Structures are given as C-alpha cells and as structure tokens.
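Visitor: sequence and predicted structure, then a few things I'm wondering about:
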Amino acid sequence: MSNILAVGAHPNDVELGMGATIVKLVRSGHQVSIIDLTDGEPTPCGSKEKRKEESLESAKILGITQRITLDLPNRYLQDTIEAREELAGYIRKIKPEIIFCQFGIDKHPDHTAASKLTESAAFYSKLTQTQIPGRPWEVAKIYYFYAIHWRLNINPSFIIDVSEDFHKKMEALHAYKSQFIDNKRNSFVFDYLRKQGEYFGSLIKKDYGEPFASRENIGLNDIVDLI
C-alpha cells in the first residue's frame, strides 16, 4: 500500500480534480492526505470558519483522516523560497511515495502557482544540509489532476476508473455549500463534472473516469495492468 499526498491551492480543488480517485485509493487501503495551500477565502458567500468546516466535512466523506490547511495567501499564492520550505517540511512529515498536484496550465494564477510550488517543494524535501525540519524525503512520482478554469482539450496520460466512487465525489463537493449552493453562479459545477466524468469514463469503456497527467513516461509491471 502506498502513502499518497494530494496538494491543492484551495479547499475543494482536490475534490474537483480527483475526489472519486481519493475515495477509491482509501477504499483500496492506501494512506491518503490532503494539503490545502490556502484557506480559499475571501469568497462571495464564504468565510474562513465556514470553509474550514466544509473542508473537514468533505474529508470525512472522502474517508481521509489527515487534511492540513497552510496559511499561504489566497489570490496571491506564489512559488517562494519560504513557501517551498514550509511545504517541504510537511512532505517530510507525511513521507508520500506519490504526490498529486494541480495541472500547471490554467487561468487562475493560484492554480499555476500551486503546481510549480508543489514541484519545487518535492525537490526541496530531498535536500540535505538545509534548515527544513525533518529528514530528507524523496518523492517517487508526481501526477497532475485537472481542476481548471480553462475549457481545455484535455489529453491525459491516464484515466482512473472511478465508476464505483463517483457519487462520493459529488457528495464531498456538496459539503462546500458556501461555494456551490449558496453561490448560484457556481451551481453548474455538479452537472459539468458529471458530464466530464461520463466522457472520460467512456474513453476507457467505464461509467465514470478521472483524468491525470504525468510529465514522465509511465511504466507497467505487467500488461494485465491495463484495463
């Protein structure tokens, strides 16, 4: 079983991109943690207290026991040395073999910064002779989930079959009442994600799928790993 970390710019980004995959990973026995780089506030209908409550409720639905929110600035997130070292310290504590982070092309500057910051922090985590607390830790793989504002023509490296767990993704997102229910402008997200999940599921002949990107080639131990 693997130790896995998912990093998002804001609470709900991880759920949007890979909520069903997290449920599947937990159900399969993997240890999954989430780090939100910011608290996501201010937003039109939210508050720091509401968002924290919502993110913890979502974590319960996903089945994870560790969700950490850093105090980096929402809307002004940047890949700074200080932010790299802070995140690297948490990576050393969690010791993930695999990190999932946000796809690096998007309209939202926090999302692009989160992608670069996570890559940089994963590199810093393995460095020796630094002031970063904890023992050096090298992350084996970094993959990228899609929680993006651009309507891109996504060409993923792989798609995970989440047919059994997609309903839990939607349930977790409903926990963010301030973002997707009270804020009527965002209510479209449920229908959009359902259609997106069906589309990527159809590409692998399944009911629902979640797409991911990889900068590196992906190797298989056995051809039967393909579905």
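Guide: In hand now; what should we look at? Numbering: from 1, shown residues only.
Visitor: ranges for the strands of the chain?
Guide: Assigned by DSSP state E, the chain shows strands spanning 3-8, 31-36, 66-69, 98-102, 141-145, 158-161, 209-213.
Visitor: now render those strands as CSV, adding mean neighbour count, distance to residue 48 and mean pLDDT.
Guide: No exception for glycine: its C-beta is placed from N, CA and C like everyone else's. As requested, those are exported to CSV (neighbours: other Cβ atoms under 10 Å; distance: least, Cβ to Cβ, whole Å; pLDDT from 0 to 100):
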stretch, mean neighbour count, distance to residue 48, mean pLDDT
strand 3-8, 25, 17, 98
strand 31-36, 23, 12, 98
strand 66-69, 17, 10, 98
strand 98-102, 25, 22, 98
strand 141-145, 22, 25, 98
strand 158-161, 18, 32, 98
strand 209-213, 23, 29, 98
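Visitor: will you turn those strands into JSON lines that also has distance to residue 53?
Guide: Shown next, in JSON lines, are those (distance: least, Cβ to Cβ, whole Å):
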{"stretch": "strand 3-8", "distance to residue 53": "17"}
{"stretch": "strand 31-36", "distance to residue 53": "13"}
{"stretch": "strand 66-69", "distance to residue 53": "12"}
{"stretch": "strand 98-102", "distance to residue 53": "23"}
{"stretch": "strand 141-145", "distance to residue 53": "24"}
{"stretch": "strand 158-161", "distance to residue 53": "29"}
{"stretch": "strand 209-213", "distance to residue 53": "26"}
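Visitor: what about residue 204, how many residues nearby?
Guide: For residue 204, the count of nearby residues is 16 (other Cβ atoms under 10 Å).
Visitor: so it touches residue 159, yeah?
Guide: Yes. Using Cβ atoms under 8 Å, residue 204 makes contact with residue 159 at a distance of 5.1 Å.
Visitor: ok now do the residue nearest the centre of the chain, which residues does it touch?
Guide: In the chain, the centroid-proximal residue (Cα atoms, centre = their mean) is residue 14; its distance is 3.1 Å. Applying Cβ atoms under 8 Å, 6 or more residues apart in numbering to residue 14 gives the contacts 6, 7, 8, 22, 34, 36, 100, 145, 147.
Visitor: which of these lies closest to residue 171?
Guide: Nearest to residue 171 among the contacts of residue 14: residue 22, at 12.4 Å, using Cβ to Cβ.
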